[in-house]
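> Provided below for reference: sequence and predicted model.
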Amino acid sequence: MISVKKPIILKLLCRIALPLFIIYLFIIIFTYHQNKQNALKNTEAYLSELVKHNAQRLDKEFSELAHSSRVIKSYIETTYPTDFEEIYDFIDDEVRFDGNNVGSGFAFLPYKYDKKLETVAYFVGKKGGLTVVSDLSKVYNYLEEDWFLIPQKLKKSYWTEPFWGRVTEDILVINTTPIEFDNQVVGVSFADMSLQMIDSIMLKNEVLNGYSFILSGLGTFVYHPKSDWVMRETVFSIAEMYNRPDVRELGKRMISFHKDGNEYESQIETFNDFDTNEKKWIVYTSIPSNGWTFAAVINEKDVLAQVYKVAYIQLAIMIVGLLILLTIILIVSKSFSGRIKKLASLTNEVASGNLELCHSEFDLMDSGKDEITALGGNFYKMINDLKLYINNLTQITKQKEAVESEVRIARQIQESLLPHIFPPFPHRKEFDLYAVNIPAKEVAGDFYDFFFVDDYTIAVIMADVSGKGVAAGLFMAITKTLIKTLCVPGSNPEQALTDVNNILCKDNDSCMFTTLFLAYFDVRTNEFHYSNAGHCYPLLISKDGICKEVVTKQDVALGIFEKYEFQGDSFKLEKDDIVVLYTDGVTEAINSKEEMFGEERFKNIVVKNYKDKLNSIIAKVTDELEIFQGNEQFDDITLLMFKRVM
């Protein structure tokens, strides 16, 4: 009994549930990647728009402050008021109506504004809802401050790094503009913005589960959610603190971004969090008016949170769906697996040899006729057909065994007709002779023979009967017997073939024929006298290894035309010359590629080994034929070699 290794339930699971699982899993993976790409793309667009919007808003505020500085410069250069009160009033209006301007003023080089005054530097600032005028020259030496010196050197407007304002007692950032008289820089005008103003603007920013910050032109944190970093740390000091060369390079790219003319263009990069090592996105852009950098940071996992959520829901739906499908498969399979098991049990009975089963045992009906019921009926019919077939086969086998036995006997008789003892005439030293016959079927149509016609003349025969099998073997036996009977002392090959042909043509209703080559060799004169009845040209191998065909008067085959006169010819066989007789089964052998063995290949093997013994030469030819044909021999193979020795 054969055990069931793959139950139907398992096959249903493999062929239905598993493909559905693979398809649905593919859909989930594909959807996940699509949603992920869309989420990343949308977040990239959102962050780019966010930093652009905030950079523009900050740039507007900084531009307005810079405008105040330029307005003061222009007012002083064009009016050159001698009364400081006029300047105070003008600056006071600018400060009052600019919410982000915590104070503005002007400062001159020594004796440049008034030759009687060494220093002139005034600041009009907000304090307690009022504006207060302060003389900076009495507070500190403004002539050494960066906000005063750098714009003179650059001869253009300049934004300072944030610093502590000693007058406002607040962290300030200043836009300062050079004042020129007669194309000479004589001083600067300036406008101040408090870092608290920047903080109030930045606090209005909302970044999706993230934060934003501002870097000055030198990388100082002007604004950051970590307040202890503001004004105390730069992006480079943070990189050094956490040993993060990647952050140092990122900082360089951020503060140099505005130098490449990327106005309001954003750049997106990634880095790992300093503490959690989570992957984060950073999007930054420049603020054109002062060369600062605005940046926003967001966790990548927050971007993909919704994508993960959708993937989990789809996975849960898939699992529930597969469980429902598995339940249905189990219910359906159990509904018919019992009848299939019964049918399997009956087949095991048949396999064990029990063919005596009644029809009722194959009644597999359940609730109506279905495929399984039909299968049971067909199987019962198959058993009856099998019993009938076995009976018929038994009779045919007996008949076939009888025929095969007869064929084997015929083959044994045929083999006994062919000479098979070599050397055949050990007492004759004048020549050497060897032959072989390999039938394609059990009874062959090819044959060879040799015998002494008289004490000095040996007859050599090579023939190929048309057809194969028993009929060809019988015709071969008749032809062989006739040849041996008619080759008598005083005869010649052509006369013998003429007489044999006349006899074979009589009552040849099957129209069979034989190609045959007959030769007489006289050991006294070494004359090789021959006649050819439509057979292959023999080969003559000289003692020097030169091969040539013995072109004969190739008459018709035996058994075709009655009273046909065959012709003969002769030549002298030199010492160590070899005559090779063969049938077309040698040269027309075909391999699996439908290529023929061919005469050239045959000749090359014979010539290459002509110095060997005759049996060795023939063995090498048959070995090559076996390799060439493989296991498919389509025609009889017969070879005979005759060599003059003395």
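Sure thing, it's come through.
> alpha carbons only for contacts and neighbour counts from here, please
Will do.
> which ones are touching residue 429?
With CA atoms under 8 Å, 6 or more residues apart in numbering as the criterion, the residues that contact residue 429 are 645, 646.
> start the count at 55, not 1, going forward
With the count now opening at 55, the last piece we talked about shows up as residue 483.
> Now it: phi and psi?
Backbone torsions of residue 483, given as degrees, to the nearest 10, read phi -100, psi 0.
> now do residue 528
phi -70, psi -40.
> Toward the C-terminus, what is the element adjacent to the lowest-mean-pLDDT helix or strand in the chain?
Taking mean pLDDT, DSSP states H and E as the measure, the helix or strand of the chain with the lowest value is helix 62-66, at a mean of 69. Downstream of helix 62-66, the first helix or strand assigned by DSSP states H and E is helix 72-133.
> could you pull out the strands for the stretch 455-604 of the chain?
Taking DSSP state E, counting those that start in this stretch as the test, the strands found in the stretch 455-604 of the chain are 485-492, 500-506, 511-519, 568-576, 581-587, 593-595, 601-603.
> what's in contact with the second one?
Read that as strand 500-506. Taking CA under 8 Å, 6+ apart as the rule, strand 500-506 contacts 472-473, 489, 491, 493, 512-519, 530, 534, 637, 690-692, 694.
> got the CA positions of it in PDB?
Taking C-alpha atoms only, strand 500-506 is exported to PDB below (Å, rounded to 0.1, in the frame of the first residue of the first chain):
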ATOM      1  CA  ASP A 500      24.400  -9.300 -45.100                       C
ATOM      2  CA  PHE A 501      26.800 -12.200 -45.500                       C
ATOM      3  CA  TYR A 502      30.400 -13.100 -46.400                       C
ATOM      4  CA  ASP A 503      32.000 -16.400 -47.400                       C
ATOM      5  CA  PHE A 504      35.300 -17.800 -48.600                       C
ATOM      6  CA  PHE A 505      36.300 -21.300 -49.700                       C
ATOM      7  CA  PHE A 506      38.800 -23.000 -52.000                       C
END
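> Could I get the full set of strands for the stretch 155-304 of the chain?
According to DSSP E, counting those that start in this stretch, the strands that the stretch 155-304 of the chain contains are 157-162, 174-181, 184-189, 212-213, 217-219, 224-235, 238-248, 264-269, 275-277.
> Packed most tightly, which of the ones you listed would that be?
Highest mean neighbour count among the strands of the stretch 155-304 of the chain (mean count of other CA atoms under 10 Å): strand 157-162, with a mean of 27.
> Could you please name the strands that one pairs with and the direction of each pair?
Note on strand 157-162: by DSSP bridges, its sheet partners are strand 174-181 (antiparallel), strand 238-248 (antiparallel).
> nearest to residue 105, of those?
Minimum separation from residue 105 across these (CA to CA) falls at strand 238-248, 21.3 Å.
> With mean pLDDT and distance to residue 684 added, can I get the strands paired with strand 157-162 in TSV?
Shown next, in TSV, are the strands paired with strand 157-162 (pLDDT from 0 to 100; distance: least, CA to CA, whole Å):
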stretch	mean pLDDT	distance to residue 684
strand 174-181	84	111
strand 238-248	89	101
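> tally of neighbours for residue 522?
Residue 522 sits with 19 neighbouring residues when counted by other CA atoms under 10 Å.
> and what of residue 294?
Quick note: residue 294 (other CA under 10 Å) scores 13 neighbours.
> next one: residue 284
Neighbours around residue 284, by other CA under 10 Å: 19.
> For the stretch 305-454 of the chain, which segments are assigned as helices?
Shown for the stretch 305-454 of the chain, the helices assigned by DSSP state H, counting those that start in this stretch span residues 354-357, 359-405, 425-471.
> helices or strands next to the second one in the packing?
Same thing as helix 359-405. If you count contacts as 3 or more CA pairs under 8 Å, 6 or more residues apart in numbering; DSSP states H and E, helix 359-405 packs onto helix 62-66, helix 72-133, helix 425-471.
> For the strands of the stretch 455-604 of the chain, give me a markdown table that also has mean pLDDT and distance to residue 682.
Listed next are the strands of the stretch 455-604 of the chain as a markdown table, based on pLDDT from 0 to 100; distance: least, CA to CA, whole Å:
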| stretch | mean pLDDT | distance to residue 682 |
| --- | --- | --- |
| strand 485-492 | 94 | 15 |
| strand 500-506 | 93 | 21 |
| strand 511-519 | 95 | 22 |
| strand 568-576 | 95 | 25 |
| strand 581-587 | 95 | 29 |
| strand 593-595 | 96 | 21 |
| strand 601-603 | 94 | 23 |
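> To residue 684, which of those lies closest?
For residue 684, the closest of the strands of the stretch 455-604 of the chain is strand 485-492, at 14.4 Å, according to CA to CA.
> buried stuff in the closest one?
By neighbour count on 16 or more other CA atoms under 10 Å, the buried set for strand 485-492 is 485, 486, 487, 488, 489, 490, 491, 492.
> how about those in TSV, adding distance to residue 676?
Putting these into TSV (distance: CA to CA, whole Å) gives the following:
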residue	distance to residue 676
485	23
486	19
487	17
488	13
489	11
490	9
491	10
492	9
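> Pick out the most distant pair among the residues you listed.
Greatest spatial distance in the buried residues of strand 485-492: 485 and 492, 24.1 Å, computed using CA to CA.
> if we look at stretch 177-186, which residues are touching it?
Residues outside stretch 177-186 that contact it (CA under 8 Å, 6+ apart) are 142, 145-146, 149-150, 156-160, 187-190, 222.
> out of the residues you listed, which one sits closest to residue 556?
Ranked by distance to residue 556 (CA to CA), the contacts of stretch 177-186 are led by residue 156 at 141.9 Å.
> Could I get the pLDDT score of that closest one?
Among the per-residue scores, residue 156 shows a pLDDT of 83.
> Now for it: which residues touch it?
For residue 156, the contacting residues are 149, 179, 180, 245, 246, 247, 248, by CA under 8 Å, 6+ apart.
> Output the residues you listed as CSV; include the columns distance to residue 226.
What follows is the contacts of residue 156, written out as CSV (distance: CA to CA, whole Å):
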residue, distance to residue 226
149, 15
179, 12
180, 13
245, 10
246, 6
247, 6
248, 5
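> ok so, going back, put together TSV for the helices and strands packed on helix 359-405, with mean neighbour count and distance to residue 323 on each row.
As requested, these are exported to TSV (neighbours: other CA atoms under 10 Å; distance: least, CA to CA, whole Å):
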stretch	mean neighbour count	distance to residue 323
helix 62-66	15	50
helix 72-133	17	10
helix 425-471	14	65
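> export those to JSON lines and tack on distance to residue 237?
As requested, the helices and strands packed on helix 359-405 are exported to JSON lines (distance: least, CA to CA, whole Å):
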{"stretch": "helix 62-66", "distance to residue 237": "95"}
{"stretch": "helix 72-133", "distance to residue 237": "11"}
{"stretch": "helix 425-471", "distance to residue 237": "108"}
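> quick one: contacts of stretch 239-257?
Under the contact criterion CA under 8 Å, 6+ apart, stretch 239-257 has outside partners 112, 119-120, 122-124, 126-127, 154-163, 166-167, 202, 205-206, 209, 216, 224-234, 266, 276-277.
> one step back: which of the contacts of stretch 177-186 sit farthest apart?
Going by CA to CA, the pair spanning the contacts of stretch 177-186 furthest: 150 and 190, at 20.0 Å.
> So of the contacts of residue 156, which two are at opposite extremes in space?
149 and 248 (12.8 Å).
> Quickly list what's touching both of these two.
Common neighbours of residue 149 and residue 248 (CA under 8 Å, 6+ apart) are 155, 156.
> Specify the beta-bridge partners of residue 572.
What pairs with residue 572, by the bridge criterion (DSSP bridges), is residue 515, residue 585.
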